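Colleague: Let me see the structure of the following:
(one chain, ligands or ions: 2)
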Amino acid sequence: MAQIIGITGGIASGKSTVTGMLRNRGYAIIDADIVAREVVEPGEEAYNLIVNHFGRKIIGENSFLDRQLLGEIIFNDQKEREVLNSIVHPAVRLRMNDKKDMYISEGRNTVIFDIPLLFESKLQYLVEKTILVYVNAETQLQRLMKRNEFSEQEAVARIRSQMPLDDKRPLADIIINNNGTVGETEEQLEKIIINWNLSV
Ligand SMILES: CC(C)(COP(=O)(O)OP(=O)(O)OC[C@H]1O[C@@H](n2cnc3c(N)ncnc32)[C@H](O)[C@@H]1O)[C@@H](O)C(=O)NCCC(=O)NCCS
Ligand SMILES: Nc1ncnc2c1ncn2[C@@H]1O[C@H](COP(=O)(O)OP(=O)(O)OP(=O)(O)O)[C@@H](O)[C@H]1O
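Modeller: Residues are numbered from 1 along each chain as shown. Ligands and ions are numbered 1, 2, ... in the order given. The predicted model follows:
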């Protein structure tokens, strides 16, 4: 039986940094952010529902959604965020499940889900064990502002739209502290791989 592992964290806490390390080691990774992009491509059902609700102003270049505008709307308005979530999340869950089944049918021993909103959306039932990629609030804010070239206000709006990372700590099976260097993070990951006996 394959082991199903969930990696979570907050925006810019370092999930992609950790899943990148796992990908380099050959693990099967399913990234919710990537799937969430696939299910809103032009022609998809979720795309049509989003355009119906948010209006044609939300259509950007080449008919794809204007993600910047959609982000500005939903990270500053909880009701609009809930509408978007209610359209996108069911489609994401279905497609992630299909990808998991595909990996299992290929004979994979471990399948890793990278889901930023794992705890907010109460998706623990999808996975057997959870890893939280944690940083303190100041590091999270600084890394997010730097990576996305956000103002403090833009970054804070996004962080506030998620459960605080300190509240996620007691929900996780294990925590990777990503406040230090990337090398220190990789050492913590290596211990988990050994202790949980995760094979590709
Ligand atoms: C609002 C959108 C268009 C902004 O797109 P953009 O390319 O700028 O950001 P991206 O998708 O790469 O997300 C970056 C990070 O934002 C955070 N985030 C995204 N959506 C949400 C949300 N609904 N609530 C809280 N945090 C969110 C996550 O930490 C994510 O890793 C996009 O994030 C989106 O469609 N969100 C709704 C779907 C969703 O919940 N995705 C998260 C995983 S399922
Ligand atoms: N230990 C570290 N030291 C310094 N910078 C780091 C470290 N870990 C991650 N970063 C940087 O912080 C930023 C956020 O990391 P990353 O993109 O991995 O987070 P994430 O959780 O995947 O974010 P999101 O889900 O929002 O895309 C990136 O610019 C990354 O290069």
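Colleague: can you list the residues of this structure near ligand 2?
Modeller: Residues of the chain lying close to ligand 2 by CB under 6 Å from any ligand atom are 9, 11-17, 33, 116, 143, 147, 178, 181-182, 185. For the C-beta atoms, the positions are set from N, CA and C on the backbone; glycine is no exception.
Colleague: So which residues of this structure form helices?
Modeller: 15-24, 32-38, 45-54, 67-74, 78-105, 137-148, 152-160, 165-168, 182-195 (DSSP state H).
Colleague: Make a markdown table out of these and add mean pLDDT and mean neighbour count.
Modeller: What follows is those, written out as a markdown table (pLDDT from 0 to 100; neighbours: other CB atoms under 10 Å):
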| stretch | mean pLDDT | mean neighbour count |
| --- | --- | --- |
| helix 15-24 | 98 | 18 |
| helix 32-38 | 98 | 17 |
| helix 45-54 | 98 | 16 |
| helix 67-74 | 98 | 15 |
| helix 78-105 | 98 | 16 |
| helix 137-148 | 98 | 16 |
| helix 152-160 | 98 | 16 |
| helix 165-168 | 98 | 16 |
| helix 182-195 | 98 | 13 |
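Colleague: so which of those helices comes closest to Met1?
Modeller: When these are compared by CB to CB, helix 78-105 sits nearest Met1, at 8.7 Å.
Colleague: Can you name the residues that contact the closest residue to Ile192 other than its chain neighbours?
Modeller: Excluding the flanking residues, the one nearest Ile192 by CB to CB, 6 or more residues apart in numbering is Ile174, at 6.0 Å. Ile174 is in contact with 129-132, 192, counting by CB atoms under 8 Å, 6 or more residues apart in numbering.
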